[in-house]
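J.: next input, structure requested:
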Amino acid sequence: MRIGDLEQHCGDCKLLDLCGEPFDDVMLCANENLADMTEDEYTEKVKEIRCRSEKNWSNATLEKMVCRAVGRSRG
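T.: Residues are numbered from 1 along each chain as shown. Next up is the predicted model:
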């Protein structure tokens with residue numbers, strides 16, 4: 001399912017561990033930059049980022065990094 005179609009149905013998607021609490025700083029389904037990505041595509045991007053670095057990035061930082069990666073690949 002596309003992230004933009006999740007419509008804040010928190011807990012009903014594969015991204016629960018990568019997102020925040022409802023109305024928290026990290027609300028992936030409310031991020032317009034991620035709307036066209038699927039849950040699986042986002043998860044893969046996060047895995048790629050984690051593989052390149054041994055740091056334990058926060059969900060908010062991962063969201064920003066994925067947005068940057070998507071922007072470069074689409075732009």
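J.: contacts and neighbour counts: CA atoms only from here.
T.: Will do.
J.: which pLDDT value goes with His71?
T.: Careful, residue 71 is Gly; it's not His. At Gly71, the model reports a pLDDT of 83.
J.: which ones are touching it?
T.: By C-alpha atoms under 8 Å, 6 or more residues apart in numbering, the contact list for Gly71 reads Asn33.
J.: and with 10 Å instead?
T.: Asn33, Leu34, Met65 (C-alpha atoms under 10 Å, 6 or more residues apart in numbering).
J.: quick one: the second one from Cys13, how far?
T.: Separation of Leu34 from Cys13 (C-alpha to C-alpha, to the nearest Å): 14 Å.
J.: could you do Val70 as well?
T.: Val70 sits 20 Å away from Cys13, taking C-alpha to C-alpha as the criterion.
J.: ok, these two, which is more surrounded?
T.: Val70 (16 against 13; other C-alpha atoms under 10 Å).
J.: now the more buried one: phi and psi?
T.: When read as degrees, to the nearest 10, the backbone of Val70 gives phi -70, psi -40.
J.: and what of Arg2?
T.: phi -70, psi 140.
J.: pull the number of nearby residues for it.
T.: When neighbours are defined as other C-alpha under 10 Å, Arg2 has 15 of them.
J.: tell me the contacts of the residue lying closest to it once chain neighbours are set aside?
T.: In space, Arg2 comes closest to Thr38 once its chain neighbours are excluded; the distance is 4.1 Å by C-alpha to C-alpha, 6 or more residues apart in numbering. Shown in contact with Thr38 (C-alpha under 10 Å, 6+ apart): Met1, Arg2, Ile3, Gly4, Asp5, Leu6, Lys14, Glu44.
J.: quick one: Thr38 and Leu6, what's the gap?
T.: Using C-alpha to C-alpha, one gets 10 Å for the distance from Thr38 to Leu6.
J.: show the contacting residues for Val26.
T.: Leu18, Cys19, Gly20, Ser58, Asn59, Ala60, Thr61, Leu62, Glu63, Lys64.
J.: check what pLDDT it gets.
T.: 88.
J.: does the residue nearest to it when sequence neighbours are not counted count as helix, strand or coil?
T.: Using C-alpha to C-alpha, 6+ apart and skipping residues adjacent in sequence, the residue nearest Val26 is Gly20, 4.9 Å away. Following DSSP: H, G, I helix; E, B strand; the rest coil, Gly20 is assigned to coil.
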